[in-house]
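Undergrad: With the input below, show me the fold.
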Amino acid sequence: MTNIFILTAASLIAFLTVVLPYHPFDYLYNYGIRHLLKRPKLPKRTAQAKFACGTAAIWLGVIIFLFSNNQMILGYVLGGVLFFVALLVSTIDYCIPSMIYNTLFKSRNVDQN
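TA: Residues are numbered from 1 along each chain as shown. Model (predicted):
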């Protein structure tokens, strides 16, 4: 759980989701697995998903910094919180970063219309 290489890889994957139209694993599905399963292509990631992954990339960067500077307790606390947020998304499809995105940006779009 404190492996800097694995945390860096996870952070890089999250960052790539922000800058690419698809999540890196979506490319594996879209250009490989879906053909075997005869399924449609996955859509591009939404602004909400990019915001959530950007938040995760920064959060992982902070955790990497903490572990590399022997701030183990705070690193584990922030890692545990990040794990819990990811668990909510994975199990009940409740994304806290998406809710934050909606609060920050969706209300502005409604006011402009």
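
Undergrad: tell me which helix or strand of the chain sits lowest on mean pLDDT?
TA: Lowest on mean pLDDT, DSSP states H and E among the helices and strands of the chain sits helix 107-112, with a mean of 56.

Undergrad: Where do the helices of this structure begin and end?
TA: For the chain, applying DSSP state H gives helices covering 4-19, 24-28, 34-37, 47-68, 72-92, 96-101, 107-112.

Undergrad: Mean neighbour count added to the ones you listed, as a markdown table?
TA: From N, CA and C alone the C-beta is placed, and that goes for glycine too. Shown next, in a markdown table, are the helices of the chain (neighbours: other C-beta atoms under 10 Å):
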| stretch | mean neighbour count |
| --- | --- |
| helix 4-19 | 15 |
| helix 24-28 | 14 |
| helix 34-37 | 10 |
| helix 47-68 | 18 |
| helix 72-92 | 13 |
| helix 96-101 | 16 |
| helix 107-112 | 8 |
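
Undergrad: Among the ones you listed, show the one with the smallest mean pLDDT.
TA: Note on the helices of the chain: helix 107-112 shows the lowest mean pLDDT, a mean of 56.

Undergrad: contacting residues around the most centrally placed residue in the chain?
TA: With distances taken as C-alpha atoms, centre = their mean, residue 53 lies nearest the centre of the chain, 2.8 Å away. Residue 53 makes contacts with 14, 15, 17, 18, 23, 45, as judged by C-beta atoms under 8 Å, 6 or more residues apart in numbering.

Undergrad: can you tell me which residues contact the nearest residue to it once chain neighbours are set aside?
TA: Using C-beta to C-beta, 6 or more residues apart in numbering and skipping the chain neighbours, the partner closest in space to residue 53 is residue 17 (3.8 Å). Counting by C-beta under 8 Å, 6+ apart, residue 17 touches 23, 24, 45, 49, 50, 53, 54.
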